[in-house]
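**Q** Got a predicted structure here, sequence first:
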Amino acid sequence: MTKTMRNLTVIAGLVFTSVSAAQAQTLTPQPETGAFVSIGVGGQPQKRSFGSSGSFPSFNELGRFEVNQNVGSGALFDIAGGYQFMKHLAGGMSVWRTGNKSAVSAAASIPDPLFFGRFTTVNANSQGDLSQSTVGINFNIIYTRPVLDRFDLAVSLGPSIIHTKLEVGRVAVASNSRTIALSTEDQSKTTAKAGNFGVDFSYRYNEMYNIGLFVRYAGGELDLPAIDKMKVGGVQAGGVVRYRF
């Protein structure tokens, strides 16, 4: 379990503990069973960076290059459904998508054509507005508990499947030259080695609709051709509207 998931677990436990005394109040009845769907919008605030490096032959020596790429925060859209099979327990699945922008820059240390062991650093023009899109499927068990009148607190946990498509910066150095070219290529991969844990606090507007806020961790790691152990997903937060049938 990651540090982020542990922190969310502690937060959920503290909230449950702090509201236990309020259970003596008369609560608006919570649905015992039934299906539900929800739509959520929000964001994934983390900013990430990664890079790659390598060598190339030039002027009978080996030069080196580095590529650095930064990925910004992104918007989140989520649609979910499930079935509450007991008063406090439900099973569900959600499909979510985030979209991010990234920027890439590159530099190369190129051997001198006349002097052995002398190198010149050449920078490539940086490129912005590259895109990354991530689609995830969360499977989870949901425990819901009423807190105060008309308010519910839910904790969810389960595995995830995450697919990421990313424009990755690549650098090319022409043989025996002092120029470099920066280009991009699409790389994508799916990983099932991911998980999710979340907390949802909602208000029962009426018997059918809940309106609330959520925060969760949904993420994992995958290996792209240019990036090993790239982290995908992460902490996500936003608002949600839930409809019960």
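**A** Arrived safely, thanks for sending.
**Q** how about the strands in this structure?
**A** Counting by DSSP state E, the chain has these strands, from start to end: 34-44, 48-58, 61-84, 89-111, 119-146, 151-173, 180-204, 209-222, 230-244.
**Q** who does the last one pair up with?
**A** Each strand pairing with strand 230-244, determined using DSSP bridges, is listed with its direction: strand 34-44 (antiparallel), strand 209-222 (antiparallel).
**Q** would you list these in TSV and tack on mean pLDDT and mean neighbour count?
**A** C-betas here are computed from N, CA, C, even on glycine. Listed next are those as TSV, based on pLDDT from 0 to 100; neighbours: other C-beta atoms under 10 Å:
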stretch	mean pLDDT	mean neighbour count
strand 34-44	96	17
strand 209-222	95	20
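**Q** in this structure, which segments are predicted with low confidence?
**A** 1-32 (pLDDT under 70).
**Q** ok, now with 80
**A** Along the chain, the model assigns pLDDT under 80 to residues 1-32, 125-128, 226.
**Q** tell me the residue furthest from the middle of it?
**A** Computed with C-alpha atoms, centre = their mean, the residue of the chain farthest from its C-alpha average is Leu114, at 48.9 Å.
**Q** follow-up on the earlier one: would CSV of the strands paired with strand 230-244 with distance to Phe77 be doable?
**A** Putting the strands paired with strand 230-244 into CSV (distance: least, C-beta to C-beta, whole Å) gives the following:
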stretch, distance to Phe77
strand 34-44, 6
strand 209-222, 13
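**Q** re the thing from before, ok, the residue farthest from the centre of the chain to Thr120 distance?
**A** 11 Å (C-beta to C-beta, to the nearest Å).
**Q** before we move on, back to that, mind checking which of the strands paired with strand 230-244 is nearest Gly238?
**A** Each of the strands paired with strand 230-244 has some distance to Gly238 by C-beta to C-beta; the shortest is strand 34-44, at 1.6 Å.
**Q** Render the CA-only coordinates of that closest one in PDB, please.
**A** Listed next in PDB are the C-alpha coordinates belonging to strand 34-44 (Å, rounded to 0.1, in the frame of the first residue of the first chain):
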ATOM      1  CA  GLY A  34     -30.800  -1.400  -5.000                       C
ATOM      2  CA  ALA A  35     -28.800  -0.300  -8.100                       C
ATOM      3  CA  PHE A  36     -27.200   3.100  -8.600                       C
ATOM      4  CA  VAL A  37     -25.300   5.100 -11.100                       C
ATOM      5  CA  SER A  38     -23.100   8.100 -10.700                       C
ATOM      6  CA  ILE A  39     -21.300  10.800 -12.700                       C
ATOM      7  CA  GLY A  40     -18.200  12.600 -11.300                       C
ATOM      8  CA  VAL A  41     -16.000  15.400 -12.500                       C
ATOM      9  CA  GLY A  42     -12.800  16.700 -11.000                       C
ATOM     10  CA  GLY A  43      -9.100  16.600 -11.400                       C
ATOM     11  CA  GLN A  44      -5.900  14.800 -10.900                       C
END
